[in-house]
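1. with the input below, show me the fold.
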Amino acid sequence: MFSNFLKSLSILKKFLFINLIVFLVIGSLTLIYIGNVKPNLIKNKKSKHIQIIDNTIEHILRLNIKFEEEDIRRFLFSTRFLFQNLDRVILFDNQYNLVGDTDTLDLDPRSFSNRLDIVELEILDEETSNKIIEKKDINKEKTVSIKDILTNYSWSKDYGKPFTFSQEGYDKFLLTTVKNVTVDGNNIGYLAISENANDIRAAINERKTFILRTAIFVGIVIFVFSFVLNRYFLKPIKNLVTYTKIIKEKSKKKTNIKELKSRNDELGTLSNSLDDMTNELQKRISHAENFSTDLVHEIRNPLTSLKSASEILHETEDHKQRAKLIDILNHDVQRIERLITDYSQMLKDEVALSKEKMKKIDLKVIAKSVVDDFNNIYEAKRSIQIILKESSSQEECFINGIENRIEQIIANLLDNSISFSENNKKILVEIYKDDKDKIILKVIDEGKGFKETSTKKIFDRFYSNRPDNFGEHSGLGLNIVKNLVDLHGATINASNNMTQKGANVEIIFPKT
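-> Numbers count the residues shown, from 1 in each chain. Below you'll find the predicted structure:
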């Protein structure tokens with residue numbers, strides 16, 4: 001349930017929720033720590049009190065001091081060094097009567113009783129205090145008398161052990177420890193020492209102030225970080241999600257993708273990549289739609305011809321006419337078959353292109369291999385000779401490309417030139433570097449040349465100005481060349497030869 005709840009939250013809410021949990025855990029541990037600080041500090045004070053009490057009792061017993069006002073007064077005067085760090089030392093006889101007080105060395109019982117008879121106290125020894133206070137239920141009262149404390153202490157099972165309590169006022173925090181004094185197992189009185197423990201209160205307040213400031217600081221940091229996280233990261237991501245939804249739903253809503261693309265951080269890079277990918281996908285979808293439309297249009301023409309020829313063939317009995325119609329049927333079937341084959345191959349090529357990586361290759365080596373293959377076929381078949389002309393045998397012509405795609409470019413150009421060339425003609429393949437170190441590849445033939453005013457049309461799909469034996473071609477060859485050239489970052493131009501009959505196709509590869 002908790003994991004499902006966490007998954008349903010946004011990133012910002014998850015961040016705030018997790019910080020809240022951490023904050024609560026740390027807060028709980030801090031409260032526990034604060035709760036343990038005061039008892040620990042008091043425990044340290046109490047241990048010192050016990051040591052002083054034990055030393056004082058030892059002196060009383062060693063000097064055989066009686067719990068009478070005069071003896072106690074002389075004892076307090078003579079042993080002042082024992083109480084240098086204390087605020088007050090008080091002694092009572094076995095009947096809880098005051099017999100000595102360092103605050104009132106005149107030993108006037110009234111002055112002491114007025115000050116300590118009724119005290120507002122906090123019992124600090126829990127185990128002992130419960131047993132002491134149970135006697136008269138004085139824990140239900142806010143104030144108790146020192147006599148009650150001594151009385152209950154003397155009745156408790158922990159009688160003989162030091163007992164500590166505190167007196168807290170506006171500007172003081174007194175810590176008092178009481179213990180009985182015994183001689184030969186008989187109780188002869190009580191000794192109480194008090195110390196101003198404001199340092200404990202100051203230490204606790206200092207820690208509380210530090211924790212409060214730290215909590216406020218952490219809260220501000222979390223708030224600022226949450227604002228920055230939302231403003232500069234989560235909101236742009238949300239905008240990217242909105243952008244993808246708009247693209248998916250083909251909505252006409254405006255997006256702020258341009259603002260995100262202008263960022264110089266990873267989100268800017270992601271926005272650019274996402275926008276480029278979206279544009280590329282849209283381009284491919286449009287390309288596929290247009291291509292499918294063109295293919296349907298191209299197939300419709302031979303299908304119409306097939307239908308007409310088959311209808312006439314069914315009705316005619318003239319053998320010559322039937323033979324001519326059969327030739328038309330074969331021609332149209334070959335045309336459809338070629339269109340489908342080339343279209344299928346083109347789709348496979350597009351998939352393969354997305355997986356292939358470019359590397360540094362020598363254009364002259366690849367061109368020589370393709371030219372040799374074509375010469376082996378067409379030199380004997382049609383006496384067409386393909387000549388590879390290099391500017392210098394020592395000059396290297398390296399480009400960044402995909403080797404088999406460069407072979408496909410040269411092969412398609414040669415195949416196109418051969419289609420327009422008569423027998424016993426020559427085709428020139430020329431490779432060289434221009435003055436800007438760009439690699440130039442030219443294919444020059446002696447064919448019919450271009451009739452078009454704008455030769456850019458020849459690179460369109462299914463362009464219709466083909467040679468007489470157009471059934472052997474799909475009209476996709478030069479379009480494939482154009483796509484592959486664009487893939488390599490090169491440019492392609494076509495023109496007629498100025499000095500002689502024929503066409504000239506030029507590809508300019510970028511400098512490596």
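2. and the helix or strand containing Val296, what does it pack onto?
-> Val296 belongs to helix 266-315 when elements are defined using DSSP states H and E. Contacts of helix 266-315 with other secondary structure elements, assessed using 3 or more Cβ pairs under 8 Å, 6 or more residues apart in numbering; DSSP states H and E, are made with helix 235-249, helix 257-261, helix 319-353. (Glycine included, C-beta is placed from N, CA and C.)
3. beyond the helix or strand hosting Gly189, next helix or strand please.
-> Take DSSP H and E as the rule and Gly189 turns out to sit in strand 186-196. Per DSSP H and E, strand 186-196 leads on to helix 198-229 as the next helix or strand towards the C-terminus.
4. buried set for that next one?
-> The neighbour-count criterion (16 or more other Cβ atoms under 10 Å) identifies Ile200, Arg201, Ile211, Ile222, Ser226 as the buried residues of helix 198-229.
5. check which helices and strands it sits against.
-> Taking 3+ Cβ pairs under 8 Å, 6+ apart as the contact definition, the neighbouring helices and strands of helix 198-229 are helix 11-62, strand 173-183.
6. how about the closest residue to Lys433 other than its chain neighbours, what does it touch?
-> Spatial nearest neighbour of Lys433, chain neighbours left out: Ile439 (6.1 Å); criterion: Cβ to Cβ, 6 or more residues apart in numbering. With contact set as Cβ atoms under 8 Å, 6 or more residues apart in numbering, Ile439 has these partners: Leu363, Cys397, Phe398, Ile399, Ile431, Tyr432, Lys433, Ile508, Phe509.
7. save those as JSON lines, and put in pLDDT, distance to His319 and secondary structure too.
-> Conversion of these to JSON lines gives the following (pLDDT from 0 to 100; distance: Cβ to Cβ, whole Å; DSSP: H, G, I helix; E, B strand; the rest coil):
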{"residue": "Leu363", "pLDDT": "90", "distance to His319": "54", "secondary structure": "helix"}
{"residue": "Cys397", "pLDDT": "86", "distance to His319": "58", "secondary structure": "coil"}
{"residue": "Phe398", "pLDDT": "90", "distance to His319": "61", "secondary structure": "strand"}
{"residue": "Ile399", "pLDDT": "91", "distance to His319": "57", "secondary structure": "strand"}
{"residue": "Ile431", "pLDDT": "91", "distance to His319": "54", "secondary structure": "strand"}
{"residue": "Tyr432", "pLDDT": "89", "distance to His319": "58", "secondary structure": "strand"}
{"residue": "Lys433", "pLDDT": "88", "distance to His319": "62", "secondary structure": "strand"}
{"residue": "Ile508", "pLDDT": "93", "distance to His319": "56", "secondary structure": "strand"}
{"residue": "Phe509", "pLDDT": "93", "distance to His319": "56", "secondary structure": "strand"}
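8. among those, name the buried ones.
-> Restricting these to buried positions leaves Leu363, Cys397, Ile399, Ile431, Tyr432, Lys433, Ile508, Phe509, with burial counted as 16+ other Cβ under 10 Å.
9. confirm that Ile90 sits in a strand.
-> Yes - membership of Ile90 in a strand is supported by DSSP: H, G, I helix; E, B strand; the rest coil.
10. neighbours around the closest residue in space to it that isn't next to it in sequence, how many?
-> If you skip the residues right next to it in sequence, Ile90 has Ala192 as its closest partner in space, 4.4 Å away by Cβ to Cβ, 6+ apart. Residue crowding around Ala192 was assessed by other Cβ atoms under 10 Å; the count is 22.
11. thought Ala192 was touching Leu174?
-> No - using Cβ atoms under 8 Å, Ala192 makes no contact with Leu174, being 10.9 Å away.
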